[in-house]
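Colleague: Show me the folded form of this:
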Amino acid sequence: MTGPDALGALPRRARLAALLARARLIDVDTWRHLDAINAGLLAANVALLDRVLREWCELRSPLDGEGPALAPLAFDEAMVVFEQQAIEAYLSANALAPAARRAIDVLLAWCGNPLVRWLFGIDCELCAAVREHRRAARRRLSFFALETRIAIGQRLVRRLHGAG
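Modeller: Below is the predicted model:
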């Protein structure tokens, strides 16, 4: 997590965890999986950043490090695929209980709720990308669909680059 709210988001995340636990929407095991996914993404991103800065000295495909240098938007779109493949590997290797899967999908659905965004500091750009994808897909979204996560991530990247 980067940006001005990076450190301030920690107390909000604790509030979110406490609220969802009281409401019996998310249990400790679900939070453990979410934390493990985030830790895995951080490790993969730090290792990739090391390659970009020390080995490549330019933006290349994070998927294989091959090919010509990439423009920033192309690199960020490829990063979405890189990160979502890492999440997919975690999900394939770690069976989540049906209740945990439902709870994570509830978090995705809540992203469109302005009160939830305000209370817990959820990124408005991310929420806008989720809402756009939900409208385009015309169906309920699931975190457990790789193509959904990639589509949302790439929408977000294009929004942040002013290209979408």
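
Colleague: Let me see the ranges of the helices in this protein.
Modeller: With helices called from DSSP state H, the chain shows them at 9-22, 28-50, 72-93, 98-110, 114-120, 124-137, 146-160.

Colleague: Among these, show me which one is buried the most.
Modeller: Compared across these, helix 146-160 shows the largest average neighbour count, a mean of 19 (mean count of other C-beta atoms under 10 Å). Heads up, the C-betas are built off the backbone N, CA and C, glycines and all.

Colleague: Distance of the closest residue to residue 144 other than its chain neighbours relative to residue 86?
Modeller: What sits nearest to residue 144 in space, not counting adjacent residues and going by C-beta to C-beta, 6 or more residues apart in numbering, is residue 101, at 6.1 Å. Using C-beta to C-beta, to the nearest Å, residue 101 is found at 18 Å from residue 86.

Colleague: circling back: of the helices of the chain, which approaches residue 58 most closely?
Modeller: Between residue 58 and the helices of the chain, the tightest spacing by C-beta to C-beta is seen for helix 72-93, at 9.4 Å.

Colleague: Can you give the contact residues for the closest one?
Modeller: 36-37, 40-41, 44-45, 48, 59-63, 70, 144, 146, 149-150, 153-154, 156-158, 160-161, 163 (C-beta atoms under 8 Å, 6 or more residues apart in numbering).

Colleague: returning to that earlier point: same list (the helices of the chain) but as TSV, adding mean pLDDT.
Modeller: Below are those laid out as TSV (pLDDT from 0 to 100):
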stretch	mean pLDDT
helix 9-22	65
helix 28-50	90
helix 72-93	96
helix 98-110	84
helix 114-120	63
helix 124-137	77
helix 146-160	91
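
Colleague: quick one, phi/psi of residue 144?
Modeller: Dihedral pair for residue 144: phi -90, psi 10, per degrees, to the nearest 10.

Colleague: so it sits right up against residue 102, yeah?
Modeller: No. Between residue 144 and residue 102 there is no contact under C-beta atoms under 8 Å: 10.2 Å.
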